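A.B. asks: take this sequence and fold it.
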Amino acid sequence: MSPLSARAALHARLHTGLVELGLAVAPAAHETLLDYVELLARWNATYNLTAVRDPDEMVTRHLLDSLAVEPLVEGETLADLGTGAGLPGIPLAILAPQRRHVLIDSNGKKIRFLREAVRVLRLDNVEVQQTRVETARGSYDCVTARAFTTLREMLELGGHLLAPDGIWLALKGLVEKADVTDLPPGFAVAAVRPLAVPGLAASRHAIVVKRTAALAQGHAA
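C.D. replies: Below is the predicted model of the structure:
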């Protein structure tokens, strides 16, 4: 398959998935999403940033999987903790140029990729921070985090980053009982939202967490 035909196949797969998700994406953003996948695939051949090797599979498992949570995102600032290769942070940033996104990770090679991606893709609304979650600073309207540990530990490490009225979106496969009952003081689960990712049969959920003070004031999801 030629590079041009390969790009066309990725374009069709992404377009179909975005339609299924109900997301209206500008043509320029559509192309930037594909540019990100192609850049990730090139870097991945050398730096092993993700276990997913096939760009076609990256569209499903990285782009669409990340963008499935976009309707739940709130506010003007977002921190993506343990972002790795920029997931879901970069796809979300491409769709929402008006929102400020901060990508946080401690892995040096992944940080180098993220900085190159921000430069090449011209993502002026993205900041990359190389630090451990517990030492990160700032206050964010929305915090996203794939399940790099238990929800309780994620909140213990990064809960200080969540604004008083903010929303924490913990992205998981299957949801266990402890995920909704064993949380640190000051936090509570507002909702558990199933995510339907086009082309992906695996279970996906977003656990919506808010500060208990915000929930008490009527800000439940």
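
A.B. asks: and the residue nearest the centre of the chain, what pLDDT?
C.D. replies: The geometric centre of the chain, computed from its C-alpha atoms, lies nearest to residue 88 (CA atoms, centre = their mean), at 1.8 Å. Residue 88 is assigned 98 on the pLDDT scale.

A.B. asks: how close does it get to residue 173?
C.D. replies: Distance, residue 88 to residue 173, by CB to CB, to the nearest Å: 14 Å. Using the backbone N, CA and C atoms, a C-beta is placed for each residue, glycine as well.

A.B. asks: next one: residue 21
C.D. replies: Taking CB to CB as the criterion, residue 21 is separated from residue 173 by 18 Å.

A.B. asks: of these two, who's got more company?
C.D. replies: When residue 21 is set against residue 173 and neighbours are counted by other CB atoms under 10 Å, the residue ahead is residue 21, at 19 against 10.

A.B. asks: would you check that the more buried one makes contact with residue 198?
C.D. replies: Yes - with contacts defined as CB atoms under 8 Å, residue 21 counts as touching residue 198 at a distance of 6.5 Å.

A.B. asks: and for these two, which residues touch both?
C.D. replies: For the pair residue 21 and residue 198, residues contacting each of them under the criterion CB atoms under 8 Å, 6 or more residues apart in numbering are residue 64.

A.B. asks: residues near residue 144, how many?
C.D. replies: Residue 144 has 26 neighbours, counted by other CB under 10 Å.

A.B. asks: and the strand or helix carrying it, how far out from the chain middle?
C.D. replies: Element membership of residue 144 [criterion: DSSP states H and E] is strand 140-146. Strand 140-146 sits 8 Å away from the centroid of its parent chain (CA atoms, centre = their mean, to the nearest Å).

A.B. asks: and stretch 175-186, what's buried?
C.D. replies: 175, 179, 183 (16 or more other CB atoms under 10 Å).

A.B. asks: assess the claim that the residue nearest to the centre of the chain and residue 69 are in contact.
C.D. replies: Yes - under the contact definition of CB under 8 Å, residue 88 touches residue 69, with a separation of 6.1 Å.

A.B. asks: now the common contact residues for the two.
C.D. replies: 144, 171.

A.B. asks: before we move on, which element is residue 127 in?
C.D. replies: In this assignment (DSSP H and E), residue 127 forms part of strand 126-130.

A.B. asks: how about residues contacting that strand?
C.D. replies: So strand 126-130 is contacted by 89-90, 93, 100-106, 108, 111, 114-115, 118, 136 (CB under 8 Å, 6+ apart).

A.B. asks: and the average pLDDT for the longest helix anywhere in the chain is what?
C.D. replies: Of all the elements of type helix in the chain, the one with the most residues (DSSP state H) is helix 27-47. Per-residue confidence for helix 27-47 averages out to 96 on the pLDDT scale.
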